[in-house]
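Peer 1: Fold the following.
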Amino acid sequence: MVKLSNHFTELVKNLIANEDGATRGFPNIPLANPILASRPLHMNLDSTQLRQSWPRPSHLRPIVIIGAGDIVRDAHLPAYRRAGFPVAGVFDLRREVAEARAKEFNLPRVFNSVAEAIAVPDAIFDLGVPPKSQEAALENLPDGAAVLSQKPMGNSLEMAKRIVAICERKKLRAAVNFQFRFCPSMLAIQDLVKRGELGELVEIEVRLNIQTPWETFPFLYSESRVEIQVHTVHYLDTIRMLLGEPLRVFARTVQHPHFPKLASTRSSIILDYGDMIRCCLSINHCHPFGAPHEAATIRVEGTEGCAIATIGALIDYPRGQPDRLEIFTRSQKNWTEVPLVGRWFPDAFIGTMSNLQRFVAGVDVALVSPVNDALQTMKLVEACYVSDARGGIELDSIK
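Peer 2: Below is the predicted model of the structure:
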């Protein structure tokens with residue numbers, strides 16, 4: 001039996017309330033729980049009714065963005081504009097970058113300093129700063145502030161622990177932007193498992209065979225950890241959401257001759273959940289041979305159904321393709337494509353901010369990605385790197 005994290009176990013007991021006071025099951029639950037997997041069969045599953053978005057907040061606080069790099073330009077601000085979330089202004093140490101963001105997205109204000117930015121009353125702070133700057137950014141916030149911090153949570157497990165300590169000492173209402181949990185396809189898969197449509201989960205497989213333009217991320221050249229910590233952390237985090245904590249980890253992460261300055265660009269990972277669940281990740285960011293054999297899929301399979309999500313944003317990046325979700329369910333035993341309402345970028349970023357806004361307003365009873373839960377994801381990342389360093393069984397040792 002999978003041992004589920006305390007965070008997920010608690011969330012099973014909770015309900016979230018809609019704005020009208022009605023309640024329903026909290027969507028982020030330990031989905032591998034066999035009790036949930038054996039819920040009554042929904043004989044007439046309507047795939048268009050699967051949950052694909054987080055409920056929007058009705059009482060919005062102004063958003064103050066600190067750090068205005070590419071991810072803020074490409075995902076945060078497009079998401080907030082699409083959702084109609086109010087952005088009070090933006091600050092970046094490079095004023096020209098902040099001014100460019102303000103002009104492109106018609107923001108009302110470019111702050112001259114952090115002190116000016118954090119003076120906005122009742123704000124929710126969106127930290128777009130790099131991992132090495134997260135501790136200092138959090139220390140600058142007012143005690144008790146609400147904050148959405150960029151992923152990963154720091155650039156090491158030790159830094160992640162310090163970040164949690166800062167948030168606890170300052171009583172920050174802090175979430176980490178592990179937004180892949182909020183992808184329309186991932187929310188739909190969560191809903192499928194909650195409904196019992198896949199049965200008991202027995203397989204999760206992540207397969208990437210894509211060409212990532214690493215040359216557009218020169219800041220990664222100086223990092224000692226790249227692929228797992230920067231990218232695959234999303235999938236590890238989402239697998240934890242679905243299955244809880246693995247028993248052990250086997251991992252290898254390697255370089256590629258085309259990108260010798262990068263610490264790693266490809267990874268193979270097995271997460272051990274016991275004898276009845278197979279969970280593996282095969283990640284290759286260096287496939288320069290065109291679209292016909294590019295792939296970016298997540299397969300979640302149970303005893304009675306299966307869901308296969310295609311992460312379109314990663315194929316032919318940065319142009320990308322639409323996300324897709326194909327399902328075979330317990331109540332409808334044929335493959336069906338679910339019409340998705342959006343994709344990872346930027347739609348999932350609406351979800352993380354919606355959850356934080358609703359939590360601060362007292363509507364959502366819990367954060368989906370609080371810092372204490374994010375710490376468990378960082379521990380899993382650390383375990384992958386420890387496994388990589390220790391290596392496997394040398395063949396010469398077998399006589």
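
Peer 1: for the stretch 201-350 of the chain, what spans make up the strands?
Peer 2: Listed in chain order, the strands of the stretch 201-350 of the chain (DSSP state E, counting those that start in this stretch) span residues 201-209, 248-254, 266-272, 278-284, 295-302, 306-310, 324-328, 336-337.

Peer 1: what comes into contact with the last one?
Peer 2: The contact list for strand 336-337 (C-beta atoms under 8 Å, 6 or more residues apart in numbering) reads 47, 324, 325, 326, 327, 328, 329. Quick note: C-beta positions are derived from backbone N, CA and C, even for glycine.

Peer 1: redo that, cut-off 10 Å
Peer 2: The contact list for strand 336-337, computed with C-beta atoms under 10 Å, 6 or more residues apart in numbering, reads 45, 47, 308, 324, 325, 326, 327, 328, 329.

Peer 1: thinking again about what came up before, closest one to residue 98 among the strands of the stretch 201-350 of the chain?
Peer 2: Each of these has some distance to residue 98 by C-beta to C-beta; the shortest is strand 295-302, at 32.5 Å.

Peer 1: mean confidence score for that closest one?
Peer 2: Per-residue confidence for strand 295-302 averages out to 98 on the pLDDT scale.

Peer 1: do stretch 159-179 as well
Peer 2: Here stretch 159-179 scores 98 as its mean pLDDT.

Peer 1: Could I get the buried residue list for it?
Peer 2: When burial is assessed from 16 or more other C-beta atoms under 10 Å, stretch 159-179 yields the following buried residues: 159-160, 162-164, 166-167, 170, 172-179.

Peer 1: do the same with stretch 129-148
Peer 2: In terms of neighbour count (16+ other C-beta under 10 Å), stretch 129-148 has its buried residues at 129, 131, 133, 134, 135, 137, 138, 141, 145, 146, 147, 148.

Peer 1: re earlier: okay, the contacts of strand 336-337 in CSV with neighbour count and pLDDT next?
Peer 2: Shown next, in CSV, are these (neighbours: other C-beta atoms under 10 Å; pLDDT from 0 to 100):
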residue, neighbour count, pLDDT
45, 19, 87
47, 17, 89
308, 19, 98
324, 17, 98
325, 24, 98
326, 16, 98
327, 25, 98
328, 18, 98
329, 24, 97
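
Peer 1: Which pair of these spans the longest distance?
Peer 2: Between any two of these, the greatest separation by C-beta to C-beta is 18.1 Å, found for 45 and 324.

Peer 1: who wins for proximity to residue 101 among the strands of the stretch 201-350 of the chain?
Peer 2: Go through the strands of the stretch 201-350 of the chain one by one with C-beta to C-beta and the one that ends up closest to residue 101 is strand 295-302, at 28.2 Å.

Peer 1: so what strands line up beside the closest one?
Peer 2: The strands that strand 295-302 pairs with in its sheet are strand 201-209 (antiparallel), strand 306-310 (antiparallel) (by DSSP bridges).

Peer 1: All set, thanks.
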